[in-house]
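1. Pasted the sequence and its predicted model underneath.
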Amino acid sequence: ATTPTKRYSITLLPGDGIGPEVITVAKNVLKLVGSLEGIEFSFQEMPMGGAALDLTGVPLPEETLSAAQRADAVLLGAIGGYKWDKNEKHLKPETGLLQLREGLKVFANLRPATVLPQLVDSSTLKKDVAEGVDLIVVRELTGGIYFGKPRGFGTNEKGEDIGFNTEVYSTHEIARKRRGQLCSVDKANVLEASMLWRKRVTAIASEYPDVELSHMYVDNAAMQLVRYPKQFDTIVTNNIFGDILSDEASMITGSIGMLPSASLGESGPGLFEPIHGSAPDIAGQDKANPLATILSAAMLLKYGLGEANAANRIENAVLDTLNRGFRTGDIYSTGNKLVGCKEMGEEVLKSVDSPV
Ligand code: ATP
Ligand code: MG
């Protein structure tokens, strides 16, 4: 190992269910990669979600938020579980996650969907359609219909129950530029908020002549994603469309246990987490696939700390581990070596140590 030259503080939020299992593995990978790249991490583990509810009565304790705000980056496992499902809204683990995103002022959620050659058979699509898919969905995270007011339940003039929500977009919320081919997804033929969105994206894109911009209506985008996903490089869209399209894109890869995500703001620490939930059905059984969290740690290095070399080390190690045939249950197919969460982590460490 080289002498540490760079120091970063990382807040770890293991959370619930399989969260602690996958975070432990990802932490070890970060440590090893750091030692090879002259990076020293200081890790701070804080309670969050259901674990924090049981401990402190709230899903995001103040100490957890302030630790996250002071850190260079935040790595989250997963939150939630049956135990807290019936809680009131302000006492739900998921509410803590919304508060964390708000507290960190992250507004762009990046979700890559890559079909790895080793796992092409996991795809829900035909092999020739799925092969080579490598796209990223950028979702606006803090605005739109999920937060717009007025909202609520009411009664219409006929006395029937109604529920209503409002989509509000002000221009500063529009996601930042990406490189290469950018497809902006909206519903500008129907929604005023989308018309504003399209206008802003077009204006911003004109400042980046190297970015090739196209627009697509969300209904068409949903269709194109399963018809011919290779046409997409970067998709940028609002909160609700991004919620739906990024879940759809994740199914193209077919491996929820493989998919990382990043949430970034203008400045300040980014939030990195696997897209999967706490998987209570397999929690505590050493069955979880830790690769989504390990790849989230790679995104943390790349997008959060600007440590591209260290990020590449992790990505290559994951590919190497898959090439050597190691699979957790969720991505297992005959002929491969079935391993648990811990063993998968150990194999990734070996791959980091001696890349092919
Ligand atoms: P949430 O609402 O938090 O997204 P969920 O119940 O909708 O949670 P997950 O918790 O992601 O979804 O679980 C969905 C299914 O995928 C479960 O059967 C779970 O066991 C499986 N799963 C999720 N993550 C992993 C993983 N890392 N490794 C293996 N299986 C996983
Ligand atoms: Mg879910």
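-> Nice, I can see it. Ligands and ions are numbered 1, 2, ... in the order given.
2. Whatever residue of the stretch 151-300 of the chain ends up closest to ligand 1: neighbour count?
-> In the stretch 151-300 of the chain, the residue that lies nearest ligand 1 is Gly277 (2.2 Å; C-beta to the nearest ligand atom). All C-beta spots, glycine's among them, are computed from the backbone N, C-alpha and C. Gly277: 17 surrounding residues under other C-beta atoms under 10 Å.
3. secondary structure class for it?
-> Classification of Gly277 using DSSP: H, G, I helix; E, B strand; the rest coil returns coil.
4. what sits against it?
-> Listed by C-beta atoms under 8 Å, 6 or more residues apart in numbering, the contact partners of Gly277 are 17, 78-80.
5. likewise Leu191?
-> In this structure, Leu191 makes contact with Glu167, judged by C-beta under 8 Å, 6+ apart.
6. got it, and Asn87?
-> So Asn87 contacts Leu53 (C-beta under 8 Å, 6+ apart).
7. so how far is ligand 1 from it?
-> 14 Å (C-beta to the nearest ligand atom, to the nearest Å).
8. from here on, count from 16
-> Will do, 16 is the new start, and the previous item becomes Asn102.
9. part of a strand, is that residue?
-> No. Assigned with three-state DSSP, Asn102 falls outside any strand and is coil.
10. can you name the two of the contacts of Gly292 that are farthest apart?
-> Pairwise distances across the contacts of Gly292 (C-beta to C-beta) peak at 8.0 Å, for the pair Gly32 and Ile94.
11. any common contacting residues for those two?
-> What both Gly32 and Ile94 touch, as defined by C-beta under 8 Å, 6+ apart, is the set 292-293.
12. Beta-bridge partners for the residue positioned nearest the centre of the chain, please?
-> What sits nearest the mean C-alpha location of the chain, by C-alpha atoms, centre = their mean, is Ser276, with 2.0 Å. Under the criterion DSSP bridges, Ser276 forms beta bridges with Glu288.
13. Any figure for the gap between it and Leu310?
-> 9 Å (C-beta to C-beta, to the nearest Å).
14. where do the contact lists of the two overlap?
-> Common neighbours of Ser276 and Leu310 (C-beta under 8 Å, 6+ apart) are Pro289.
15. if we can go back for a sec, what's the closest of the contacts of Gly292 to Leu75?
-> For those, the nearest to Leu75 is Ile94 (9.7 Å; C-beta to C-beta).
16. ok, then the element right after the longest strand seen in the chain?
-> Counting by DSSP state E, the longest strand found in the chain is strand 21-30. Counting by DSSP states H and E, the next helix or strand C-terminal to strand 21-30 is helix 34-52.
17. how close does Cys198 sit to Val153?
-> According to C-beta to C-beta, Cys198 and Val153 sit 10 Å apart.
18. Between these two, which is the more surrounded one?
-> Val153 (24 against 21).
19. shouldn't His291 be in contact with Pro275?
-> No. The criterion here is C-beta atoms under 8 Å, and His291 misses it with Pro275 at 9.9 Å.
20. what does this protein put close to ligand 1?
-> Neighbours of ligand 1 within the chain, by C-beta under 6 Å from any ligand atom: 33, 95, 271-272, 291-294, 296-297, 303-304, 307, 343, 345.
21. out of the residues you listed, which are buried?
-> Applying 16 or more other C-beta atoms under 10 Å to those, the neighbour count classes 33, 95, 271-272, 291-294, 297, 303-304, 307, 343, 345 as buried.
22. Report the two of the residues you listed separated the most.
-> Largest pairwise distance in these, by C-beta to C-beta, is 20.7 Å, between Gly95 and Thr343.
23. who does the strand or helix carrying Thr217 touch, helix- and strand-wise?
-> In this assignment (DSSP H and E), Thr217 forms part of helix 207-220. For helix 207-220, the contact count by 3 or more C-beta pairs under 8 Å, 6 or more residues apart in numbering; DSSP states H and E identifies strand 196-201, strand 227-232 as packing neighbours.
24. okay if I get those strands as JSON lines plus mean pLDDT?
-> As requested, the helices and strands packed on helix 207-220 are arranged in JSON lines below (pLDDT from 0 to 100):
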{"stretch": "strand 196-201", "mean pLDDT": "92"}
{"stretch": "strand 227-232", "mean pLDDT": "94"}
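25. quick one: secondary structure of the residue of the stretch 66-215 of the chain found nearest ligand 1?
-> Residue of the stretch 66-215 of the chain nearest ligand 1, by C-beta to the nearest ligand atom: Gly95 (4.6 Å). At Gly95, secondary structure determined by three-state DSSP is coil.
26. wait, isn't it in contact with Thr110?
-> No. With contact defined as C-beta under 8 Å, Gly95 does not count as touching Thr110 (10.3 Å).
27. quick one: the strands in the stretch 166-315 of the chain?
-> Applying DSSP state E, counting those that start in this stretch to the stretch 166-315 of the chain gives strands spanning 167-170, 176-179, 196-201, 227-232, 249-252, 275-279, 285-289.
28. Deepest-packed of those strands, please.
-> Among the strands of the stretch 166-315 of the chain, the stretch with the highest mean neighbour count (mean count of other C-beta atoms under 10 Å) is strand 285-289, at a mean of 28.
29. how distant is it from the center of its chain?
-> 6 Å (C-alpha atoms, centre = their mean, to the nearest Å).
30. thinking again about what came up before, if I look at the residue of the stretch 166-315 of the chain closest to ligand 1, how far off is Pro108?
-> 10 Å.
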